[in-house]
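> How does the following fold in three dimensions:
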Amino acid sequence: MRIPRRKFSAIFAALALAAAAAITLGAQNSQSPAATPAQPPPQAPINASQQPPPPIVRSLAQSKNVIRATVDLVQIDVQVVDRDGKPVKGLTQAQFHVSEDGKQQKVSTFEYFDVERIETAAAADQSPITIALGAIAPPAQLQQQVKDRRLTVLFFDMSSLEPDQLLRSIAASDKFVRTQMSPADLVGIVVFGNQLEVIADLTNDKSFLERALAALKPGAESQLAAFADAAAQPTDFTSTEDTDAAFTADNTEFNIFNTDRKLAAIEAVADILADIPGRKSVVHFTGGITQTGEENRSQLRAATDAANRSNVSIYTVDARGLLAEIPGGDATSGAASGTSMFTGNAVYTQTQSREDSRETLATLASDTGGRSFFDLGDFGEAFKSVQDDGTGYYLVGYYSTDGVRDGRWRNVKVSVENLPAGAHIHYREGYYAPKDFGVYTTEDRERQLEEAMSSETPEVELPVAVETAAFRLNDTQYFVPIAAKLASSALQWAQKSGRRQTAFDFAAEIRVVNTTRAVAALRDTITVQLDTARFAQVQQQALLYQGGFVLAPGNYTLKFLARENESGRIGTFEENISLPAPQPDKLQLSSVLLSSQLETVQKTSEVKTQALAADAHLQSSPLDVEGQRIVPSVTRVFTGDQSMYVFFQAYPPAKSDPNSLRAGLVLFRNGARVNQTPMVEPSEIDSKTGAASFRISLPLGSIAAGRYTLQAVAVEPGTQQAAFARNYFALRPAAPAVAPTSTPAATPAPSPSSPPAGTPPPSAPPAR
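Numbers count the residues shown, from 1 in each chain. Model prediction:
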């Protein structure tokens, strides 16, 4: 699934050079999954262990894990059969020779899977086995379960199967389970429509598989099959259907997306089989996959690469079967327009479209050691081929001597000494080499972001800490600012023309809780260029990205992603966001935002932003005050020589006077009240919404180091209206003064010495 580009609700994005010294990101962030706050907030983020258990039919749209390794073991399953097609057993590791691109490789791992032994065993000796797809089980347990087993997944692409094709595929699969499935077979069922779902895990329970197949019915997904035959490439012999309409839609753009989704589903199936040892076969029932030239080539390669990494062979079955096509199409299609129906171009295009849809299927099969099946009246031949190829095989592994990670196709050849006369071998003929980020194409980089955004596994290569808040704009909208901090010391900078440069991709998605529906997204590519002096300063500091969303009241999940484009390292962050509905009869508070820095809002040549879609800018942000922007403290770690700027808003009840509101701060340490500030009047009143903004400066020099809970209290004098909101911070002692040396130290930008206009400074709490 592609990352949605920025929609109407993305409001602004900027990269700032934060003045605070660099610290360990996320270590003190109470909203980070890896951190433990001193006192947990009232609504702590839900972590993976708190999620409800998955249903019986499991969606795999978000569960694709990305496996990375610095040492690459290449495993090739080799079938050796005699002239009668029987497996040749008893061969030794010394008899096998493997070469890669003509260079001899050392065989490091060697094992024979004797499927025939179990296949000929009595059915009564078989115990029930179930291997969950997509779940991680102990390797020793998996190895014992799959040893000498034939693993087959029936994959139904319902987005390309017309109803009659789906029914034909289900009937053939049911016949296979009832009559051809042997005691050595473990079979699973996966379907792809609007999302990828596991219908049946790998099992030898025939009755369960029959019930699972009977539950498959043609549905709305099959309507997508009508778009599967968009022309692969424009040619001189074009032919379009005459629909008697003023405009005939071009399906090519839709087909690019639809084809990528089909190929991405195959890649996902290979990924969920990666942790299961041994050879796996996927029988792919489809109505064809049509490419539109180069646009789908990257995703096709990704699917093939995933299958080879996971030791998966794909057997593609064209479910359209043996069909004598009517020239020009049957009654479901309109007559061709123009002169093509008289010149034969209509029939040529019809035939070419079908062949184009089969070319991709043939590529998937041949590049993964499988087979492709076209024009079959009986799909039993496909199942027999899967069984014949997996009767017994040698799993041969080696560590490639080619350390170049360039992503190129590598040809593999396997030979076996002293084979019986007439014997022959079958194996996959190569694989795509791993690829370093430096040689990624644009499509590769986009796919990396897509995988990281859709994966349930967090990415932690790039440390990132994120802070969010919520401020009400009106009765139907909230402003949710996002601040993400990256440690400059963790980044890689390129040196170009005497300047240091690095670039980032930032992406964020807001989804409704417990659904896959995205309601807002933003995406930016930002480049930072610094001269030598500025780079020396920033090296001791942190980089801060600021963005935000406008959202309606509700419960959401935020996923934020940052990628450093010099090395390709990625960091992700997830958090639940709850935006309550306004209560007109009660006094309510916004989030309490903590900061140690106010910066002037201005453009700089050091930072360049490339937005991938137009923003919907706010007229003014609640964080912008008289030309200055409040920079949130993402980690909420302060030192004794700083002043803390506390910002929050109060939303008075209807018909109340916001000017009468008063607010103050209360500090708690270890659950006990330490001190409180005087109650102050609002620093600003919004004339349209009546929101009262409070900006309070809190000097930290006389406060003891430790962890604190800061509570904002707002009241309406003369009434019973009161509201409370909390945040948390850690205070470290001020750094001791250091005598100047000949090497200039990093100089942080000065913080304002006085609070914003209209806010009297409160008395500082005594040290404890």
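> Mind checking what secondary structure Ala663 has?
State at Ala663, reduced to three classes by DSSP: H, G, I helix; E, B strand; the rest coil: strand.
> Show me what counts as buried in the strand or helix carrying Ile170.
Here Ile170, judged by DSSP states H and E, is contained in helix 163-175. For helix 163-175, the neighbour count (16 or more other C-beta atoms under 10 Å) marks Gln165, Leu166, Arg168, Ser169, Ile170, Ala172, Ser173, Asp174 as buried. Backbone N, C-alpha and C define where each C-beta goes, glycine included.
> Surely Arg168 and Ala319 touch.
Yes. Arg168 lies in contact with Ala319 (C-beta atoms under 8 Å); the separation is 6.1 Å.
> Spell out which residues are contacts of both of those two.
Overlap of the contact sets of Arg168 and Ala319 (by C-beta atoms under 8 Å, 6 or more residues apart in numbering) consists of Phe379.
> ok so, going back, export the helix holding Ile170 as PDB, just CAs?
Output in PDB follows, covering the C-alpha atoms of helix 163-175 (Å, rounded to 0.1, in the frame of the first residue of the first chain):
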ATOM      1  CA  PRO A 163     -16.700 -15.100 -10.500                       C
ATOM      2  CA  ASP A 164     -16.500 -18.100 -12.900                       C
ATOM      3  CA  GLN A 165     -12.700 -18.200 -12.700                       C
ATOM      4  CA  LEU A 166     -12.800 -18.100  -8.900                       C
ATOM      5  CA  LEU A 167     -15.400 -20.900  -8.700                       C
ATOM      6  CA  ARG A 168     -13.300 -23.000 -11.100                       C
ATOM      7  CA  SER A 169     -10.200 -22.400  -9.000                       C
ATOM      8  CA  ILE A 170     -12.000 -23.300  -5.800                       C
ATOM      9  CA  ALA A 171     -13.400 -26.500  -7.300                       C
ATOM     10  CA  ALA A 172      -9.900 -27.600  -8.500                       C
ATOM     11  CA  SER A 173      -8.400 -26.800  -5.000                       C
ATOM     12  CA  ASP A 174     -11.200 -28.800  -3.300                       C
ATOM     13  CA  LYS A 175     -10.500 -31.800  -5.500                       C
END
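> Can you tell me what sits against it?
154, 156, 158, 161, 189, 210, 213-214, 216, 218, 222, 225, 283, 285, 287, 317, 319-321, 378-380, 382-383.
> How far away from the center of its chain is it?
33 Å (C-alpha atoms, centre = their mean, to the nearest Å).
> immediately after it, which helix or strand?
Trace forward from helix 163-175 with DSSP H and E and the next one is strand 185-192.
> mind listing what Thr532 touches?
Gly498, Arg499, Arg500.
> any chance of the residues you listed in a markdown table, with distance to Ser621, neighbour count and secondary structure too?
Shown next, in a markdown table, are the contacts of Thr532 (distance: C-beta to C-beta, whole Å; neighbours: other C-beta atoms under 10 Å; DSSP: H, G, I helix; E, B strand; the rest coil):
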| residue | distance to Ser621 | neighbour count | secondary structure |
| --- | --- | --- | --- |
| Gly498 | 36 | 7 | coil |
| Arg499 | 31 | 15 | strand |
| Arg500 | 30 | 19 | strand |
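> in stretch 705-722, what's buried?
So for stretch 705-722, counting by 16+ other C-beta under 10 Å, buried means Arg707, Tyr708, Thr709, Leu710, Gln711, Ala712, Val713, Ala714, Val715, Glu716, Gln721.
> what about that stretch, how long is it end to end?
Distance between the two ends of stretch 705-722: 30 Å, counting by C-alpha to C-alpha, to the nearest Å.
> can you check stretch 377-396 too?
For stretch 377-396, the end-to-end distance is 36 Å (C-alpha to C-alpha).
> okay, now the domains of this structure?
10-63+455-732, 115-231+269-391 (automatic domain parsing).
> Figure out which of the ones you listed is closest to Val412.
domain 115-231+269-391 (9.8 Å; C-beta to C-beta).
> would TSV of the buried residues of stretch 705-722 with secondary structure, pLDDT and distance to Arg408 be doable?
Below are the buried residues of stretch 705-722 laid out as TSV (DSSP: H, G, I helix; E, B strand; the rest coil; pLDDT from 0 to 100; distance: C-beta to C-beta, whole Å):
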residue	secondary structure	pLDDT	distance to Arg408
Arg707	strand	93	53
Tyr708	strand	95	56
Thr709	strand	95	57
Leu710	strand	95	56
Gln711	strand	96	60
Ala712	strand	96	59
Val713	strand	96	64
Ala714	strand	96	64
Val715	strand	95	69
Glu716	coil	93	70
Gln721	coil	91	69
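> nearest to Arg511, of those?
Ala712 (29.3 Å).
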